[in-house]
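>>> Here's a sequence, model it:
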Amino acid sequence: MLVYVPASNGKTHRIRRVHHAYVDPYALSASEEDTLSPNEIMLRQLHAICETFEITLPPRGFSLGIQVDTDQDYLLPILAKILRDRDLYDQIPQRHHYFKSWIIQIEDELPITAQGCIDALHYLQREGEPRQILITLCPIDEPVRYYHQTFRHYFDSCTHLKHHHMVALPYEPTAHTSIFKCLDSELRPEWKEALNHQYNKNDDVRLLAMPTPIENLPEGKKVLPAVMSTRIKKKGDNIYQFIARMCANGSKQQQGIHYEFSYSPTAGMAPIRITLCTAAAFDWIVAVIDVVNCFQSTMIPPEDRLVISMPPFYRKWFQEKYPEVKWEHSPSNKYVLEVINGLQGDKGIGRRWYLLLKMLLEDFGFVCCISEPSLFIYDHDGQQMILNTSTDDFLCAFNDQSLFDRLCAKMRTMFDITTKEGEKFQYLNLDIIQTEHGISYDQTDHIRRKIINKYFPPDKISESKLKAVHTPFRTDSDYEKDLAEQLPASEDELKVLEQRYGDSYGAILGEIMHVEVCSRFELSYSIRRLAQFTHGPTEAAFAGLYRVLRFLATHPHRPVMYPRRKFQGYDELRVDFDAPKFKSTQIPRVPCTIADSDHARDTLRRKSHHCVVSLLNGVIVHNRVQQQRSIALHSTHSEILGSLAATKETGYLQDIYTHIGHPPSNIFPFPIFLDSKPCIDALESNAVTTRVKHISVPIKYIHEKIAAERIKLHWIDTTLNLADSGTKPNPSP
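From the prediction side, this is the model:
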């Protein structure tokens, strides 16, 4: 062994040969006798005072009612939450609840992760009787954490990656649209590992039959091309996972021949927000269940099974995996694979998976919502859960940890699943945080990775040089004139614009639209106006999209927060002018809707826009901005059409609230706030005058809802109308 000895006392650098060496795996030891782990060293430096308590564990099989998270900086479990109805809630003082203390020791165990802590507690439970144990907690005094980042770096550097298709890179790699382009890049070895990993996963669930000569297929059997969908997933600082998911190109499948139905319900943002708001108000817990290989877990009848072509490197993988298996020779040297279970790309597999999932949930005791088929409710014996499905990702809000544990155990009998619990986790690309103050979600990380890093890369544009904008849409009349008068870009001009702004018009618009729908409601008006130029982009439209990108880049973090308070009372909505002047109104914390419409602001098409904003507990849960289909003859016309949209959206939300279990007194009649008194008078009086006779049907429809006490109209001042930002470009954010 060669050891480098740095220069000292005037001597030069030397390399010496040694026979024995002491290896410090964490690079933290002060001496050869110092063998403490990183978290023990950190605790020693914090000089914290630990407390030991005697607690009683319930018998084995009963839920602990305790929620634990992992402190990634200190490698220690944190006591996140204890359910109020459990004995542990009183046995452990409340000064240690809600992420205020580390769990240092459980009997003789020294856990360093949340899962290790839970496993230790489950191991100590006894069959049929409770058990007293000792638990040691250490208060968190919030030290300066960046002093310990080096320790964390050392620890990460000495651990091995769990998957060979992960790699540490100083830059974020690119996933090309074609697997062949990926294999031609400098990261070819990593993509080959990703392919082998996917083939091994498919083999674990017995997804594919052995290769068969194409000549053996029945006449008329269609062979679908195998497609490897590529993706890069960030797993940590400078650590990336290469994913090559096997799919079938089902574009040639015909309905009625190869499949019957393809519709598979997925959760919309309104049910997700209502779930988070309800969980916060009732002090529930939120967690996520993810089914691994959901489509591959769906059994397919033999007569409906797909046949796909052989993907790249599959033949080599199969021969190395099963060297003793002999293939039947193909005269054309072409082989195909029969898909035994479901596979992405099959137009009918989404529907099959949903029906299987629905059967499992209803067998467990859930009830499906008719108006929102992706929403399921469980309510039995005081245990309640709201479950939103998005293909194989489920957002769960529940009042009893044991109910969630039973559901996970039920699903594990049929699928492989993973769960996400704790203070902070991701659902789809939403970052969800739950504390004692409330539940919030945001897309900050998604905006930084998919928008800022793409269109404003740090190596080209620094944050200090990025010019900030405070509104996503220009408010001056000159820009409206440019949008109305500029001609669509020619083919050559379009290439120049796409190169200047970083991507095609549709691609930029789609990335912004996703963020707007999920979390950034202030972009709604901008998106609806600029989406009109998708078929023929102009230079002004490109500039408008770029302004929205700059707005997101300079304002990336704007979370939506749902407080932990009951649906009782009112919130004051107030606008201050020059002191002491102000305007205010009272908004109920029960469900309500605010609507607004403009009148022909779009000088090119002369069509109006309306915006519908629905609130629960004073926070937005639903937002819809639309361009009206017909040209409004006057402002009252556009306001009535906006009221019609608000009434329709309200009916959809009423069905969800009723299914979840909100009291009818909080839902009927549903308050709708409008800022047009002529519109309210026309709708409440049910009088169709010559001024509004051309829209008599919407007026009659809304009046029927008012007479049936389904809705109730209220007036709100224009300066206090929250929906105003969705109908015009306001000069303030």
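>>> could you give me the average pLDDT of stretch 96-108?
Mean pLDDT, computed over stretch 96-108, is 85.
>>> And the contacts of it?
Outside of stretch 96-108, the residues within contact range by C-beta atoms under 8 Å, 6 or more residues apart in numbering are 43, 50-52, 68-69, 71, 74, 76-82, 89, 95, 110-111, 117, 120-121, 124, 133-140, 423, 435-436. C-betas here are computed from N, CA, C, even on glycine.
>>> 7 Å - rerun?
50, 68, 71, 76-82, 111, 117, 120-121, 124, 133-140, 423, 435-436 (C-beta atoms under 7 Å, 6 or more residues apart in numbering).
>>> now stretch 339-348
Applying C-beta under 7 Å, 6+ apart, the set of residues contacting stretch 339-348 from outside is 205-209, 227, 245-250, 253, 259-262, 295-300, 305-306, 308, 349, 352-353.
>>> on that earlier part again, filter the contacts of stretch 96-108 to the buried ones?
Neighbour-count burial (16 or more other C-beta atoms under 10 Å) is assigned, among the contacts of stretch 96-108, to 68, 71, 76-82, 111, 117, 120-121, 124, 133, 135-138, 140, 423.
>>> so what's V590 up against?
By C-beta under 7 Å, 6+ apart, the neighbours of V590 are F567, N666.
>>> Mind doing that once more with 8 Å?
Going by C-beta under 8 Å, 6+ apart, V590 touches F567, L616, N666, I667, P671.
>>> ok, now A287?
C396, F398, F404, T419, K420, E421, F425.
>>> what's the closest non-adjacent residue to the fourth one?
If I follow you right, that is T419. Leaving out its chain neighbours, the residue that sits closest to T419 by C-beta to C-beta, 6 or more residues apart in numbering is I289, at 5.6 Å.
>>> confidence score at that neighbour?
96.
>>> Dump the host helix or strand of it to PDB, restricted to CA.
Counting by DSSP states H and E, the element that carries I289 is strand 285-292. Extracted as PDB, the C-alpha positions of strand 285-292 are listed here (Å, rounded to 0.1, in the frame of the first residue of the first chain):
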ATOM      1  CA  ILE A 285     -52.400  12.800   8.600                       C
ATOM      2  CA  VAL A 286     -51.500  12.900   4.900                       C
ATOM      3  CA  ALA A 287     -49.400  10.100   3.200                       C
ATOM      4  CA  VAL A 288     -48.800   8.600  -0.200                       C
ATOM      5  CA  ILE A 289     -49.000   5.100  -1.500                       C
ATOM      6  CA  ASP A 290     -47.200   4.200  -4.700                       C
ATOM      7  CA  VAL A 291     -47.900   0.900  -6.500                       C
ATOM      8  CA  VAL A 292     -44.800  -0.500  -8.200                       C
END
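>>> Would you mind listing the buried residues in that strand?
Going by neighbour count (16+ other C-beta under 10 Å), the buried part of strand 285-292 is I285, V286, A287, V288, I289, D290, V291.
>>> thinking again about what came up before, now which of the contacts of V590 would you call buried?
Using 16+ other C-beta under 10 Å as the burial test, the contacts of V590 include F567, L616, N666, I667, P671 as buried.
>>> Grab the nearest non-local neighbour of the third one.
In this case it means N666. Using C-beta to C-beta, 6+ apart and skipping residues adjacent in sequence, the residue nearest N666 is V590, 4.1 Å away.
>>> you'd agree that neighbour is in a strand?
No - assigned with DSSP: H, G, I helix; E, B strand; the rest coil, V590 falls outside any strand and is coil.
>>> which stretches of this protein have low pLDDT?
The model of the chain has pLDDT under 70 over residues 1-48, 73, 141-165, 255-259, 261, 461-465, 731-733.
>>> Go through it and flag its longest helix.
In the chain, taking DSSP state H as the definition, the longest helix is helix 635-660.
>>> circling back: among the buried ones among the contacts of stretch 96-108, which ones are in strands?
Among those, the members falling in strands (DSSP state E) are 68, 71, 76-82, 133, 135-138.
>>> which among those gets closest to Q586?
Taking C-beta to C-beta as the measure, Q586 sits nearest to K81 out of those, at 33.0 Å.
>>> For the closest one, list the residues it contacts.
Neighbour list for K81: I66, Q67, H97, Y98, I285, E436 [criterion: C-beta under 8 Å, 6+ apart].
>>> quick revisit: can I get the buried residues of strand 285-292 in TSV including distance to F180?
Below are the buried residues of strand 285-292 laid out as TSV (distance: C-beta to C-beta, whole Å):
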residue	distance to F180
I285	46
V286	42
A287	40
V288	35
I289	35
D290	30
V291	30
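>>> now, which of the residues you listed sits nearest G726?
So of the buried residues of strand 285-292, ranked by how close each gets to G726 (C-beta to C-beta), first place is V286, at 28.1 Å.
>>> K566 against T278, yeah?
No - look at K566 against T278 with C-beta atoms under 8 Å: they stay out of range, at 11.2 Å.
>>> And the helices in the stretch 51-200 of the chain?
88-91, 114-124, 149-157, 179-183, 188-204 (DSSP state H, counting those that start in this stretch).
>>> Any buried residues in the first one, and which?
To tie it back to what came earlier, the one meant is helix 88-91. Of all the residues in helix 88-91, those buried under the rule 16+ other C-beta under 10 Å are L88.
>>> helices and strands around it, which ones?
strand 51-57 (3 or more C-beta pairs under 8 Å, 6 or more residues apart in numbering; DSSP states H and E).
>>> I672: what's it in contact with?
C592, T593, I594, A595, S643, A646, T647, T650, I711, K712, L713, H714 are the contacts of I672 under C-beta under 8 Å, 6+ apart.
>>> May I see these arranged in TSV, with distance to Q344 as well?
Converted to TSV, those look like this (distance: C-beta to C-beta, whole Å):
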residue	distance to Q344
C592	41
T593	38
I594	41
A595	40
S643	43
A646	38
T647	39
T650	37
I711	43
K712	47
L713	47
H714	48
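>>> For PyMOL, what selects the buried ones among the residues you listed?
Typed into PyMOL, the line below selects the buried ones among the contacts of I672, using 16+ other C-beta under 10 Å:
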select buried, resi 592+593+594+595+643+646+647+650+711+713
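>>> and of the contacts of I672, the nearest to I660?
Nearest to I660 among the contacts of I672: T650, at 15.4 Å, using C-beta to C-beta.
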